[in-house]
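I would like the atomic coordinates for the input below:
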Amino acid sequence: MPDITNKTDLDALTLLGKPAQAGKTLETFPNHHPGRDYRVTLITKEFTCLCPMTGQPDFARLSVTYIPDQLIVESKSLKLYLASFRNEGAFHEHVTNAILDDLVKTLAPRWCQVTAEFAVRGGIAITVDAEHGKILPAVHQPAPAPAPQREPPRTAYERKRPDEASYKQSPARYSTDGRRNAEGDKGRMERKEFRPEKRWPSKEGTPPEREPRRSERKTTKALGETRTWRKRT
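Here you go, the predicted structure:
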């Protein structure tokens, strides 16, 4: 199994493992996988620069994302490089593009993006995205997942029909159009799960006339009619 780190990878590194101060030096080491497109993301929430007019500090969350070609930036040198802007006055848009230009000049990446999300000042928050090169959609912007398809609303007739699961459990209970058949009703009657409908003995199959309910009776009496009340015994 080959070694992950070669001895020559450390030849160009002078800041790592040694006391150093902030400066504009960006150090790199070789990329062992130049035939593969992969992203490297470095994020810091402590980026600071000064307003060029008032000298007030501006704070930002800065992220660097790039696809390396032959070189990879060393993280400690990047930290010291970003710290060098602490006492430097620059507008948000200018400092973001300046960082991108220095990274592109040092790394020559296949693609690079610098995003600076500055804190609110004066009631306005500014976010600057600076991008270099072209990136494949599969690497930068993955294809969105397809939206789930909603089933159309079921009609009242479809809601009365049995679903596929119940039909598979007891297919003899239902006919091809989803209605219960006689054999299924007979089996349910034997298991005491089915109460047959009440059948009327009339030839036409219609129920006999029923007496009107109390609410349906006429409550008014004819002119001159008197009622006699009889006490219940």
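
let's verify residue 48: helix, strand, or coil?
Here residue 48 is recorded as strand under DSSP: H, G, I helix; E, B strand; the rest coil.

which residues of this structure score low on pLDDT?
For the chain, the stretches flagged by pLDDT under 70 are 1-3, 5, 7, 9-12, 14-15, 17-19, 135-143, 154-233.

longest helix of it?
helix 92-107 (DSSP state H).

counting by contacts, list what that helix packs against.
Applying 3 or more CB pairs under 8 Å, 6 or more residues apart in numbering; DSSP states H and E, one finds that helix 92-107 makes contact with strand 57-67, strand 71-73, strand 111-118, strand 127-132. From N, CA and C alone the C-beta is placed, and that goes for glycine too.

ranking those strands by burial, who's on top?
Mean neighbour counts were compared across the helices and strands packed on helix 92-107 using mean count of other CB atoms under 10 Å; the top stretch is strand 111-118, at a mean of 21.

contacts for that strand next, please.
Strand 111-118 has contacts (CB atoms under 8 Å, 6 or more residues apart in numbering) with 47, 58-67, 92, 95-97, 99-100, 103-104, 125-135, 139-140.

that one pairs with which strands, parallel or anti?
Using DSSP bridges, the strands paired with strand 111-118 are strand 57-67 (antiparallel), strand 127-132 (antiparallel).

helix 92-107 and the shortest one, what's the angle between them?
Strand 127-132 and helix 92-107 meet at an angle of 30 degrees, taking axes from the mean of the first three to the mean of the last three CA atoms, to 10 degrees as the criterion.

again with the first one
Using the same axes, to 10 degrees, the direction of strand 57-67 lies 40 degrees away from that of helix 92-107.

put the alpha carbons of strand 57-67 into CSV.
Once non-C-alpha atoms are left out, strand 57-67 reads as follows in CSV (Å, rounded to 0.1, in the frame of the first residue of the first chain):
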residue,chain,number,x,y,z
PRO,A,57,-14.5,46.6,11.5
ASP,A,58,-16.6,44.4,9.3
PHE,A,59,-17.1,40.8,10.2
ALA,A,60,-18.0,38.0,7.8
ARG,A,61,-18.4,34.3,7.4
LEU,A,62,-16.1,33.4,4.5
SER,A,63,-16.1,30.1,2.7
VAL,A,64,-13.7,29.0,-0.1
THR,A,65,-14.7,26.1,-2.3
TYR,A,66,-12.6,24.9,-5.2
ILE,A,67,-11.8,21.9,-7.4
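
can you list contacts of that strand?
Here strand 57-67 makes contact (CB under 8 Å, 6+ apart) with 37-51, 73, 78, 82, 92, 99, 103, 107, 109-119, 121, 135, 139.

which of these count as buried?
37, 40, 47, 49-50, 73, 78, 82, 92, 99, 103, 107, 109-118, 135 (16 or more other CB atoms under 10 Å).

and the longest helix of the chain, what's buried?
So, applying 16+ other CB under 10 Å, buried residues of helix 92-107: 92, 95, 96, 97, 99, 100, 103, 104, 106, 107.

and the third one, how far from residue 79?
Just to be clear, that refers to residue 96. Noted for residue 96: a distance of 17 Å to residue 79, by CB to CB, to the nearest Å.
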